[in-house]
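[1] what's the 3D shape of this:
(chains A and B)
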Amino acid sequence: MENKIRVRFAPSPTGYLHVGGLRTALYNFLFARKNNGKFILRIEDTDRNRYVEGAVENLIKALKWSGLDYDEGPDIGGDYGPYMQSQRLDIYKKYADELIASGNAYYCFCTQERLQQLREEQEKLKVPQMKYDKHCLTLTQEEIQKRLNEKIPFVIRLNVQPNQKIIFDDVVRKRVEFDSSNIDDQVLIKSDGYPTYHLANVIDDHLMEISHVIRGEEWLSSTPKHVILYDAFGWQRPIFAHLPLLLNPDKSKLSKRQGDVAVEDYRDKGYLKEALINFVALLGWNAGDDKEFYQMNELIEAFSLESVNKSGAVFDIVKLNSLNAEHLRHKSDKEILLLLKEEIKKSDLAQKNLSDDYLLLVISAMKERVTFVSEFITNCKYFYEEPKEYEQKSIEKNWKSDTAEHLNKLIDEFSKLENSQKVDFESALNKVAEELEISKGKLIHPLRLAVSGQSTGPGMFDLLFILGKDEVIKRIQKAIEKIKI
RNA sequence: GGCGCGUUCGUCUAGUGGCUUAGGACGCCGCCCUCUCAAGGCGGAGAUCACGGGUUCGAAUCCCGUACGCGCUACCA
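    Just a heads-up that it's a prediction; the model follows:
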């Protein structure tokens, strides 16, 4: 099969999945699914200093939670493995040697001290572009061998030819051009034998037959180095697509300091994966119409790299919240029940024996009034326990001198009820209102306060029905006792 | 400093030379619905399309310059 689509998400395991990473992973995923391609997870763990215990597991967990399932990866294998760069060291070594043989790379024995000194000198001279001075390129074969034999630490550097135009196409940015004179002789193999990102990335993308490199814009500046490598190896370049950055409200690159950046933070705060995915998809992409509410399958259907934006997008949590509420409303009551039961397990309601039928009633009453699943608990405690206190403002507004008397009448009427469906409560209340010659509202507001302790909530008769006749009467009595004006 | 990328309502965005008195969404305000709060419906405020020059009969849309922002500038990714 010609032109098969293979894309990859290649994070370095820093401990958690960044929402920017989620967006990158999502676009890769959508592109693959849309085009019948393969989506690959590759772990770029070539920096031993930044190794974090459990990071890979966390990453995989977050990806799975988000619904971004990959076709090949470290935990599931595939024909192009291993998918952990730390397990591919011999591969990088082999290709680095090849580069040295062809003159495209060279050994460098310079010490950190010399490099530091060089940098300082260049700074003093106000050299426009600070670069390595190719000092070790002049070493003879014998000198190199001697140092190798003496086990002097070395790195392998890319031998960049100056004064070349490096031009490549980017799906998002169109044509991008660099002058190779501005490109440093990048270290490809570090002195610990590990490759740098640039080398490992290019080799793996080629070996894994990656067709499209879809990654964040922070990589655009190093793409010419990658292009030089592809050309040096004589390999076909992939198609590049550099995604606009996710930004803090102050427009800087989205960072930990200004809010949550980990996918797991959002998950733990109760955001639905559907909402997070939908939100993040819209940060830098739009199908060209007004549609903003998407399920995953619709995203796959609508996605195209060509309609990705160029400019960075501020991560605005307020919009995420509204999408969360909307996705919640779109779920069936039964789906929400499952989520709510999980939430209850974590709450102080855990011991209560709440039936599914009861919770389903609560869900249908509250569904359009909540943003998070947890609010089925916190915003309507009165469904689970009688009110401990009564909203002062509502007392002032709705509790008059004759309120107790009115409510006693309601108790009488409710007590007589043989059926206690919504309509039964309603007609009972209507009857009382008529007898007292007052408006329904005059009854309903204090009744709501008595029964829920609050002034807001679902329709009155829904509330009464859900709580049940006995509980309602009990609560009214209690309120009459407790509320004094 | 150098190199690169970007710039449409507060935010996410539509717009690819005339359909645009620049459309939608979130947020904000108001009205309707209504027992409250939501949801829903309707309406409003909010962008001289960063700025300045061109090209053109005509520009948010094409070109040039400037400003500003961001990214990169590591033996980090």
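
[2] which ones are touching residue A:374?
    A:270, A:343, A:347 (C-beta atoms under 8 Å, 6 or more residues apart in numbering). C-beta here means a position set from N, CA and C on the backbone, and glycine is covered the same way.

[3] restricted to buried residues, select the residues you listed in ChimeraX.
    Here is the ChimeraX command that selects the buried residues among the contacts of residue A:374 (16 or more other C-beta atoms under 10 Å):
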select /A:343
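
[4] show me which of the contacts of residue A:374 is closest to residue A:438.
    residue A:347 (39.4 Å; C-beta to C-beta).

[5] and the closest one, what pLDDT?
    You'll see residue A:347 listed with a pLDDT of 92.

[6] now residue A:190
    Residue A:190 is given a pLDDT of 96.

[7] coming back round to it: of the contacts of residue A:374, which belong to helices?
    In this view, the contacts of residue A:374 that belong to helices under DSSP state H are residue A:343.

[8] quick check: of the contacts of residue A:374, which lies closest to residue A:179?
    residue A:270 (50.2 Å).

[9] what residues are up against the closest one?
    A:343, A:372-374 are the contacts of residue A:270 under C-beta under 8 Å, 6+ apart.

[10] and it, how far from RNA strand B?
    17 Å (C-beta to the nearest atom of the strand, to the nearest Å).

[11] got phi/psi on that residue?
    Per-residue torsions, residue A:270: phi 100, psi 10 (degrees, to the nearest 10).

[12] leaving out chain neighbours, which residue sits closest to it?
    The spatial neighbour of residue A:270 that comes closest, neighbours along the chain excluded (C-beta to C-beta, 6 or more residues apart in numbering), is residue A:372 at 4.1 Å.

[13] my guess is the one you found meets residue A:322, correct?
    No - Residue A:372 is beyond contact range of residue A:322, at 12.0 Å (criterion: C-beta atoms under 8 Å).

[14] okay, those two: which has more neighbours?
    Counted by other C-beta atoms under 10 Å, residue A:372 and residue A:322 do not tie: residue A:372 has more neighbours, with 20 against 14.

[15] low-confidence ranges in chain A?
    Along chain A, the parts satisfying pLDDT under 70 run over A:1-3.

[16] domain-wise, how is it divided?
    Domain assignment for chain A, taken from automatic domain parsing, gives A:6-76+A:246-314, A:88-243, A:331-378, A:392-482.

[17] just say which of those domains is most tucked in.
    Across the domains of chain A, averaging neighbours per residue (mean count of other C-beta atoms under 10 Å) puts domain A:6-76+A:246-314 on top, at a mean of 18.

[18] what is the distance between stretch A:396-416 and the centre of its chain?
    In terms of C-alpha atoms, centre = their mean, to the nearest Å, the centre of stretch A:396-416 is set 51 Å apart from its chain centre.

[19] and for stretch A:70-77?
    Its chain's C-alpha centre and that of stretch A:70-77 lie 20 Å apart, by C-alpha atoms, centre = their mean.

[20] over to stretch A:112-128?
    On C-alpha atoms, centre = their mean, the centre of stretch A:112-128 falls 41 Å from that of its chain.

[21] quick one on the thing from earlier: now, which of the contacts of residue A:270 sits nearest RNA strand B?
    residue A:372 (12.4 Å; C-beta to the nearest atom of the strand).

[22] can you list the residues of the stretch 51-200 of chain A near RNA strand B?
    Residues of the stretch 51-200 of chain A lying close to RNA strand B by C-beta under 7 Å from any atom of the strand are A:110-112, A:115, A:119, A:126, A:128-130, A:132, A:153, A:155, A:173-174, A:176-179, A:182, A:184, A:187, A:190-192, A:194, A:196-197.

[23] ok so, going back, CSV for the domains of chain A, including distance to residue A:384?
    Shown next, in CSV, are the domains of chain A (distance: least, C-beta to C-beta, whole Å):
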stretch, distance to residue A:384
domain A:6-76+A:246-314, 18
domain A:88-243, 45
domain A:331-378, 6
domain A:392-482, 10
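
[24] which of those domains sits closest to residue A:82?
    Short answer: domain A:88-243, nearest of the domains of chain A by C-beta to C-beta, at 6.0 Å.

[25] gap between the two ends of the closest one?
    28 Å (C-alpha to C-alpha, to the nearest Å).

[26] ok, stretch A:213-223 next?
    End-to-end distance of stretch A:213-223 (C-alpha to C-alpha): 10 Å.

[27] residues in contact with that stretch?
    Against stretch A:213-223 from outside (C-beta under 8 Å, 6+ apart): A:7-8, A:10, A:20, A:24, A:27-28, A:31, A:168, A:170, A:173, A:176, A:186, A:197-198, A:205, A:238-245, A:253, A:305, A:312.

[28] same check on stretch A:248-261?
    With C-beta under 8 Å, 6+ apart, stretch A:248-261 has contacts from A:18-20, A:218, A:245-247, A:266, A:269, A:312, A:314-317.

[29] show me the two of the residues you listed that sit farthest apart.
    A:218 and A:269 (26.5 Å).

[30] so residue A:371 sits right up against residue A:328, yeah?
    Yes - assessed by C-beta under 8 Å, residue A:371 is found in contact with residue A:328 at 7.2 Å.

[31] determine which two of the contacts of residue A:270 are furthest apart.
    Taking C-beta to C-beta as the measure, the contacts of residue A:270 have their most distant pair in A:343 and A:372, spaced 8.8 Å apart.

[32] follow-up on the earlier one: which one of the contacts of residue A:270 is nearest residue A:105?
    residue A:372 (53.6 Å).

[33] secondary structure element holding that closest one?
    Using DSSP states H and E, residue A:372 falls within no helix or strand.
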